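In: mind folding the following:
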Amino acid sequence: MADKVLMIGPSTEAWGGIATVEKNIIQAAAMAGRPIRFVPTMRDGSKIGKMIFFAGAYIRIALYDLHRCDVCHIHMALGMSYRRKYLICRIADMRGIPYILHVHEGDFENLYEAMQTSEQRKIRWMLKSASSVIALSDEWKEYLVRKFDLSNVVVLENAVFVPNINDGSHDVSRFLFLGRLCYRKGLDTLLEATSILRKKYPGVEVNIAGGGDEIEAYRSLASKLGVEKNVCFLGWADEQEKRRLFSSCGTLVLPSRAEGLPMCVLEGMANGCAVIATRVGGIPSVIANGDNGLLIEPHNPERLANAMEYCIENPRQVSRIAQNGRQTIIQRYSMNTYLNKLDEIYETSVDVDERQ
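Out: Numbering: from 1, shown residues only. This is a model prediction of the structure:
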């Protein structure tokens, strides 16, 4: 690994998949004896609080941290995330510090097209000026190369630590949603599917762990659909609560309309859960339908209800699917393999900068 790596992104205490990626990298690097300096640029809170927090982080990065690193690893989504990171990319470029742009935005294409021209110009500059751009799947690499004519894109699929579990201990008829409660994640589809399913299985149970500004709207939708007794809104789950949910709920459901490579899918598979997910983003590169998970099309409550019913009616087959999913993570998405690939990206970025 490059001797001095500076990693920048949201606080590891923030909710969401990017924070989980950061925590895994920091922990894996420390375990390998290759610690990474990490500076958070955002933490959950009010808009004013976020602005003040970023101002302090930016000053620290500009005056101190960038002088002491060989390469800067920047985690980025769109929205306010890219605006914060644009300022850091600019100053890194001015200082001659190579930076790696790790793109996590699952709805990049739609959000980019909706931006003003001036914003799009900034995004293009950030991507083209990066030593490397990390895409989460081959599909996202293809889009970035085609759309922005890039030659610096590499694929680094997300990875997770694989815990020790008791195989066969999961109840695949208990369902879990894990993530931000928003339109892109398809929670409305899950609630509609639950309303279909409860006609045949009145006791069906769906645990929803996550938060966001729209939580009350989804509570109202659950009530309108008559599934308020079947659905439990748990709020955001910390690591301890996630472990409890993974052990008590046998099937993870993620009916997203757009994704990169969601951490909750990898975590669910690693923890021995069966996974029902949509054919979007990098998910089909992980899940082979009927082998190590179940795939459906997005925004299709009927198909989702059918997949959930299959889990209820066929626990033995679904347990086999879950076991295959866990083996997929062990073989392809372990943190050891991930860290070695990241090490190569760091070294390549430094070498490219030195040759320029």
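
In: roughly how far does Tyr112 sit from Gly17?
Out: To Gly17, Tyr112 is 19 Å away according to Cβ to Cβ, to the nearest Å. In this view, the C-beta of every residue, glycine as well, is placed from N, C-alpha and C.

In: give me the more crowded residue out of the two.
Out: For the pair Tyr112 and Gly17, the greater number of neighbours falls to Gly17 (24 against 18), based on other Cβ atoms under 10 Å.

In: does the more buried one touch Leu266 like I think?
Out: No. Using Cβ atoms under 8 Å, Gly17 makes no contact with Leu266, being 9.4 Å away.

In: any common contacting residues for those two?
Out: By Cβ atoms under 8 Å, 6 or more residues apart in numbering, Gly17 and Leu266 have these common neighbours: Asn158.

In: how many residues are close by Asp291?
Out: 12.

In: for the stretch 251-356 of the chain, give me the ranges with low pLDDT.
Out: Across the stretch 251-356 of the chain, residues meeting the criterion (pLDDT under 70) sit at 352-356.

In: could you pull out the helices for it?
Out: 263-270, 283-286, 301-313, 315-332, 335-355 (DSSP state H, counting those that start in this stretch).

In: contacts for the first one next, please.
Out: The one in question is helix 263-270. Against helix 263-270 from outside (Cβ under 8 Å, 6+ apart): 17, 20-21, 158-163, 176, 178-179, 242, 246, 252, 254, 275, 277, 283, 286-287, 292-293, 322, 325-326, 328-330, 333.

In: in ChimeraX, select just the buried ones from those residues.
Out: Selection of buried members from the contacts of helix 263-270 for ChimeraX, criterion 16 or more other Cβ atoms under 10 Å:
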select :17,20,21,158,159,160,162,176,178,179,242,246,252,254,275,277,283,286,287,292,293,322,325,326,328,329,333
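
In: return the subset of the contacts of helix 263-270 lying in strands.
Out: 176, 178, 252, 254, 275, 277 (DSSP state E).

In: how close does the nearest residue to the second one once chain neighbours are set aside sit to Ala237?
Out: Meaning Leu178. Closest residue to Leu178 apart from its sequence neighbours, by Cβ to Cβ, 6 or more residues apart in numbering: Cys264 at 4.2 Å. Distance of Cys264 to Ala237, computed by Cβ to Cβ: 10 Å.

In: can you pull the contacts of Leu87?
Out: Tyr58.

In: doesn't it fall inside a strand?
Out: No. Under DSSP: H, G, I helix; E, B strand; the rest coil, Leu87 sits outside any strand and is assigned helix.

In: please save the CA atoms from stretch 312-319 in PDB.
Out: Output in PDB follows, covering the C-alpha atoms of stretch 312-319 (Å, rounded to 0.1, in the frame of the first residue of the first chain):
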ATOM      1  CA  ILE A 312     -42.400 -19.000   3.000                       C
ATOM      2  CA  GLU A 313     -43.500 -22.100   1.100                       C
ATOM      3  CA  ASN A 314     -40.000 -23.500   0.400                       C
ATOM      4  CA  PRO A 315     -37.800 -23.000   3.400                       C
ATOM      5  CA  ARG A 316     -35.500 -25.900   2.600                       C
ATOM      6  CA  GLN A 317     -34.800 -24.700  -0.900                       C
ATOM      7  CA  VAL A 318     -34.400 -21.100   0.300                       C
ATOM      8  CA  SER A 319     -32.000 -22.200   3.000                       C
END
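
In: which ones are touching the nearest residue to Ala258 once chain neighbours are set aside?
Out: Spatial nearest neighbour of Ala258, chain neighbours left out: Asp107 (4.0 Å); criterion: Cβ to Cβ, 6+ apart. Applying Cβ under 8 Å, 6+ apart, one finds that Asp107 lies in contact with 78, 184, 257-258.

In: pull out the buried positions in the helix or strand encompassing Ala28.
Out: Under the criterion of DSSP states H and E, Ala28 resides in helix 17-31. By neighbour count on 16+ other Cβ under 10 Å, the buried set for helix 17-31 is 17-22, 24-26, 28-29.
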